[in-house]
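What follows is a predicted protein model with its sequence.
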Amino acid sequence: MNISLQNLMEIKGGFSKKKIFRKFDINLNKIVIDFSENKKDFYNFLDIYEILKKINISIPQIYEVHMKNKLIVMEDFGDDTFDKLFNEKEPYYLLKIAVDSLIIIQNSLIANDLKTLEKYSYSILKKEISEFVDYYIPYKKISNFPEDEFYGCWENIYKSQNFEFSGFAHKDFEFINLIYLSKKNQHHKCGIIDFQSAFTGFIGWDLFSILENPRIYFTRKYNEDLIKYFYKNVDINVQFNSFRNQYYLLNLGRQTRLLGRWVRLYNYENSNDYLDYINNTQKRIIVCLKNIQSKKLKSIYEKVLTINE
């Protein structure tokens, strides 16, 4: 079966190379994802779909796969992403059903399920935080940034942790990738999309992706309770204090990458919207720095961060 993309309505697909279209059928609307410009993501999406479809969570059903053109036709979850509903519904409610989905994912998968996924490592972390050095530092016109010391501090603190990277990480488990499904019940109301970048890593990666969201800054009054709730309900062989420390350390790495990513996206799309996220991201970084043990790393960040209250 051939699909003509000319008659479909394109939906903004963000920074990735994939294109997303809405296909209007008589009885059922569908989404068509065009991965022709990123074949790796095409195969990743299909592989991860096979992993997640066995779990008691809400992901869109795949109806057709067109191997030649790298097209996937799938269920349309609609447009009610969590970020659009944040001012309409109680934030804790949205966060709770998302965290419940994460708990089910972590408790449903075993190591053999994740064997095809890339495993997180320091080399990946260094590549990610390099966006901060390559884009944010020049954007802020910061001279004499101690780049070698920065990477050295990160490597030392990373190696001091006894990381056990055995969990499933969606990677971008954020409000824009979660769709509210009003007709479903409990955690099934949280529709999870855009999972082609998933990897094997820290079991709490997706937890801080949603709780420490830099696009929408909200009070952290729920965060510590939800961190404890997640920890108590997942099968994990790490003491809580170690889990919490690793949570803030790896989230610091993620937020650091995002500071560079916002500037990179600004350069790419020439949109000031991305620069608006910088202040929130810096606030998230400040929280992380308060919760990790590294005076050297703190001193480096404090010299380059500028928070607007």
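Received it, and whenever you're ready, just let me know what you need.

all contacts plus neighbour counts: C-alpha atoms, from now on.
Will do.

So which bits of stretch 94-111 are buried?
By neighbour count on 16 or more other C-alpha atoms under 10 Å, the buried set for stretch 94-111 is 94-106, 109.

Looking at those, which one is closest to Ser160?
Ser160 has its nearest neighbour among these in Gln106, at 24.9 Å by C-alpha to C-alpha.

so where do the helices sit in the stretch 151-300 of the chain?
Assigned by DSSP state H, counting those that start in this stretch, the stretch 151-300 of the chain shows helices spanning 205-211, 223-233, 240-269, 277-290, 295-304.

Any chance of those in CSV with mean pLDDT and mean neighbour count as columns?
Below are these laid out as CSV (pLDDT from 0 to 100; neighbours: other C-alpha atoms under 10 Å):
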stretch, mean pLDDT, mean neighbour count
helix 205-211, 97, 22
helix 223-233, 96, 15
helix 240-269, 95, 20
helix 277-290, 93, 20
helix 295-304, 91, 14
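
Same list, those, but as JSON lines with distance to Asn156 please.
Below are the helices of the stretch 151-300 of the chain laid out as JSON lines (distance: least, C-alpha to C-alpha, whole Å):
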{"stretch": "helix 205-211", "distance to Asn156": "20"}
{"stretch": "helix 223-233", "distance to Asn156": "26"}
{"stretch": "helix 240-269", "distance to Asn156": "12"}
{"stretch": "helix 277-290", "distance to Asn156": "16"}
{"stretch": "helix 295-304", "distance to Asn156": "10"}
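
Between the two ends of stretch 84-98, how far is it?
15 Å (C-alpha to C-alpha, to the nearest Å).

who's in contact with that stretch?
Applying C-alpha atoms under 8 Å, 6 or more residues apart in numbering, the external contacts of stretch 84-98 come out as Phe82, Gln186, His187, His188, Lys189, Cys190, Ile210, Leu211, Tyr222, Leu226.

If we use 6 Å, what do you get?
By C-alpha atoms under 6 Å, 6 or more residues apart in numbering, the surrounding residues in contact with stretch 84-98 are His187, Cys190.

That one: how far from the chain's middle?
Stretch 84-98 sits 17 Å away from the centroid of its parent chain (C-alpha atoms, centre = their mean, to the nearest Å).

just stretch 103-112 next, same as before
Centre to centre, stretch against its chain (C-alpha atoms, centre = their mean), the figure for stretch 103-112 is 18 Å.

Equivalent analysis for stretch 198-217, please.
Computed by C-alpha atoms, centre = their mean, the separation of stretch 198-217 from the middle of its chain amounts to 5 Å.

Also stretch 120-134?
Computed by C-alpha atoms, centre = their mean, the chain-centroid distance of stretch 120-134 equals 15 Å.

residues of it that come out buried?
Neighbour-count burial for stretch 120-134, counted by 16+ other C-alpha under 10 Å, picks out Tyr120, Leu125, Glu128, Ile129, Ser130, Glu131, Phe132, Val133.

and the residues you listed, which two are the farthest apart?
Tyr120 and Val133 (20.4 Å).

Next, the distance between the ends of stretch 49-57.
Rule used - C-alpha to C-alpha; the end-to-end distance of stretch 49-57 is 12 Å.

oh, I was asking about stretch 134-150
Terminal residues of stretch 134-150 lie 13 Å apart, using C-alpha to C-alpha.

thought Ile192 was touching Ile57?
No - Ile192 is beyond contact range of Ile57, at 8.2 Å (criterion: C-alpha atoms under 6 Å).

how does this structure divide into domains?
Taking automatic domain parsing as the criterion, the chain consists of the domains 5-75, 82-304.
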